[in-house]
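# starting from these lines, generate the structure:
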Amino acid sequence: MESLVEATSGAVGSLVSTTILYPLDTCKTKYQAENRAHNYQKYRKISDVLWEAISTGRVLSLYQGLGTKNFQSFISSFIYFYGYSFFKRLYLKKSGSNSIGTKANLILAAASGACTVIVTQPLDTASSKMQTSAFGKSKGLWKTLSENTWSEAFDGLGISLLLTANPSIQYTVFDQLKQRLLKEKMSKNRDDVSFRAALSAFSAFLLGAISKCIATCVTYPAIRCKVMIQSAESDEEDEAQTNSRKTILGALRAIWKKEGAFGFVKGLQAQILKTVLSSALLLMIKEKITKTTWVLMIALKKFMFITSTRLKNS
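Below is the predicted model:
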């Protein structure tokens, strides 16, 4: 029940934050996917993507792939939070301890992330292709998937598995900061028996922002490579160029050759802005609706029990 509550509240939080920030995500992804020499870049800054959509009358195209992204985001968050909660309770049960150390937390978060990536990679690849397609030329989910082979649907799986370190770092930092903050609250109200420590919406937002910012800075070069690997084919690319950037080494070489060392941090500010806001919103919403979700789950469980009892008696 606890794992299900964590998974449901996390998935709902992810769905809301993804929808709110999707235009920013599209601009960021198209900006990151471009790999040209500095003098020939179409997008000099992330706002150029937005102005292109406005000037061509394709503002609604900023939402291309939203359904796929939401579907992928919901499933990813549900699997991740369910797995993370399940592995955490299993670890505490097997170890007999009352808390989880930093190293164990990182391992559990990475295991949950790996399970999530393997299941949702085709949706992630399709979503990236739809976002990086030219405005107005994005294809639907089924057509995007059916045009590619299964191996192409799993483009970037290796680097996605590597990037499980990102949420691992994020949620470990968040949990550690959360525990310290709650301990301080408990110590200040130790005389109040009825007091139950909980994060405020602002505290959850702030801790979520800090933890995601740290994780993003550490893993950004891999994030840039992943976007390039999964992006749609450019009209200006030949087959050899497309195939060369479909591997981690190929993407690294392409960035170094055309953009130099600074290419590995191109779009970092946009990535931090989007991911920090997204994760902070996700964790804030999750913290706020967990209690409501718990009550609904208990009510549903009681309803199902009463219904099954009546059916047996009849």
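
# mind listing the helices in the stretch 201-314 of the chain by residue range?
In the stretch 201-314 of the chain, the segments counted as helices under DSSP state H, counting those that start in this stretch are 201-230, 239-244, 248-259, 268-313.

# what of the stretch 1-150 of the chain?
Taking DSSP H, counting those that start in this stretch to define them, one finds helices in the stretch 1-150 of the chain at 2-20, 22-33, 46-55, 66-95, 102-132, 141-146, 150-153.

# I'd like those as CSV, with distance to Tyr171 appended.
Every C-beta, even on glycine, is put in place using the N, C-alpha and C of the backbone. Formatted as CSV, these follow (distance: least, C-beta to C-beta, whole Å):
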stretch, distance to Tyr171
helix 2-20, 10
helix 22-33, 20
helix 46-55, 27
helix 66-95, 7
helix 102-132, 5
helix 141-146, 28
helix 150-153, 27
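
# for Gly208, find the nearest of those.
Among the helices of the stretch 1-150 of the chain, helix 2-20 comes nearest to Gly208, with 9.9 Å by C-beta to C-beta.

# and Ala153, how many neighbours does it have?
18 (other C-beta atoms under 10 Å).

# I'd assumed Leu123 was in contact with it.
No. Ala153 sits out of contact with Leu123 when judged by C-beta atoms under 8 Å, with a separation of 9.0 Å.

# ranking the helices of the stretch 201-314 of the chain by mean neighbour count, which comes first?
helix 201-230 (a mean of 20; mean count of other C-beta atoms under 10 Å).

# re the thing from before, deepest-packed of the helices of the stretch 1-150 of the chain, please.
Ranked by mean neighbour count, the helices of the stretch 1-150 of the chain are led by helix 22-33 with a mean of 23 (mean count of other C-beta under 10 Å).

# mean confidence score for that helix?
Helix 22-33 carries an average pLDDT of 89.

# check contacts around Phe264.
Tyr220, Pro221, Arg224, Ile255, Trp256 (C-beta atoms under 8 Å, 6 or more residues apart in numbering).

# what's the separation between the residue nearest in space to the middle of the chain and Val117?
The centroid of the chain falls nearest to Ser73 when counting by C-alpha atoms, centre = their mean (6.7 Å). Relative to Val117, Ser73 is positioned 13 Å away (C-beta to C-beta, to the nearest Å).
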